[in-house]
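Asker: I would like to see how this sequence folds:
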Amino acid sequence: MIYEPMDCGGRLFSHYGSNRIVPDDFSNLEKNFIVVMNLNKERAMDTNPKYTKEKIIETKNRIFGKDTTFEIINEDSCYQFYLGEDGNYTVEWQCGGDMCSPLTHTKLSKAIQKGNKIYIDQLVIFSLTGESGERDENTSYYYQDYNRTKLLGKKKFIDSYDYMINSDKIDWNQYEKSASIYQYTYQVNEDGTYTFLQIEKIK
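Answerer: The predicted structure is shown next:
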């Protein structure tokens, strides 16, 4: 949930600095973004569907639960809801070709169900790009922690094109044992859907 490839994880990245995250720890703007990204998973390629207010609220309730605070933000910008004259909402999906560098690399390591709860462990490696100062150009630096204090390794790319194409890839055989671990907890609902309860840093 925290890492969204469409923006290289930038909008929700700061939450990796928390030891525990519950639904209302996300700002209203962040909740809107998460709802938009979930609706995107249902969207057919190259389409721009319209969403009713009821559909948006229903999606929010499925993700966060009915008791979590939420207001639809009406804003004509990338990955946000925009209210049309017909009373329905659309989303601007075509946001240009902005390049971004991955801030994290993630891997699902374990998923178990206990009763009506599902626990998912996610491995996380934090990265920085070689842009200036002591970091080499076209090089990714991999860290264990959110504050980037423990360097685990680095990878040099041939040029900027090689970096653009391959910077999202990482050798998990090298870093799996050193990665941070974040555990996601979901409630299993009677209708087969899942509601997010919390994320906890366990390593």
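
Asker: only C-alpha atoms for contact and neighbour calcs from this point on.
Answerer: Noted.

Asker: same for the lengthiest strand in the chain, what does it pack against?
Answerer: In the chain, with assignment by DSSP state E, the single longest strand is strand 117-129. On a contact count with 3 or more CA pairs under 8 Å, 6 or more residues apart in numbering; DSSP states H and E, strand 117-129 meets strand 104-114, strand 139-143, strand 180-188.

Asker: If you count neighbours, what's buried in the helix or strand of the chain with the lowest mean pLDDT?
Answerer: In the chain, no helix or strand scores lower on mean pLDDT, DSSP states H and E than helix 160-166, which sits at a mean of 86. By neighbour count on 16 or more other CA atoms under 10 Å, the buried set for helix 160-166 is residue 163.

Asker: Quick one: the helices in this structure, in order.
Answerer: Ranges of helices in the chain, per DSSP state H, are 28-42, 53-64, 160-166, 172-175.

Asker: can you give me the angle the longest one makes with helix 53-64?
Answerer: This means helix 28-42. If you take axes from the mean of the first three to the mean of the last three CA atoms, to 10 degrees, helix 28-42 sits at 100 degrees to helix 53-64.

Asker: I'd like the average pLDDT over helix 28-42.
Answerer: For helix 28-42, mean pLDDT is 89.

Asker: Save the helices and strands packed on strand 117-129 as TSV, and put in mean pLDDT and distance to residue 13 too.
Answerer: Shown next, in TSV, are the helices and strands packed on strand 117-129 (pLDDT from 0 to 100; distance: least, CA to CA, whole Å):
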stretch	mean pLDDT	distance to residue 13
strand 104-114	93	8
strand 139-143	91	14
strand 180-188	96	13
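
Asker: between these, which gets nearest to residue 129?
Answerer: strand 139-143 (4.7 Å; CA to CA).

Asker: Give me the residues contacting that closest one.
Answerer: The contact list for strand 139-143, computed with CA atoms under 8 Å, 6 or more residues apart in numbering, reads 125-130, 149-157, 163, 167.

Asker: now that strand and strand 104-114, what's the angle there?
Answerer: With the same axes, to 10 degrees applied, the angle from strand 139-143 to strand 104-114 works out at 40 degrees.

Asker: which outside residues touch the longest strand of the chain?
Answerer: With contacts defined as CA under 8 Å, 6+ apart, strand 117-129 is touched by 101-113, 135, 137-146, 148, 175-176, 179-188.

Asker: how does this protein divide into domains?
Answerer: 5-91, 104-201 (automatic domain parsing).

Asker: What's the end-to-end length of the last one?
Answerer: I take that to be domain 104-201. 15 Å (CA to CA, to the nearest Å).

Asker: hmm, back to that, paired strands for the longest strand of the chain, with orientation please.
Answerer: Strand 117-129 pairs in its sheet with strand 104-114 (antiparallel), strand 139-143 (antiparallel), strand 180-188 (antiparallel), by DSSP bridges.
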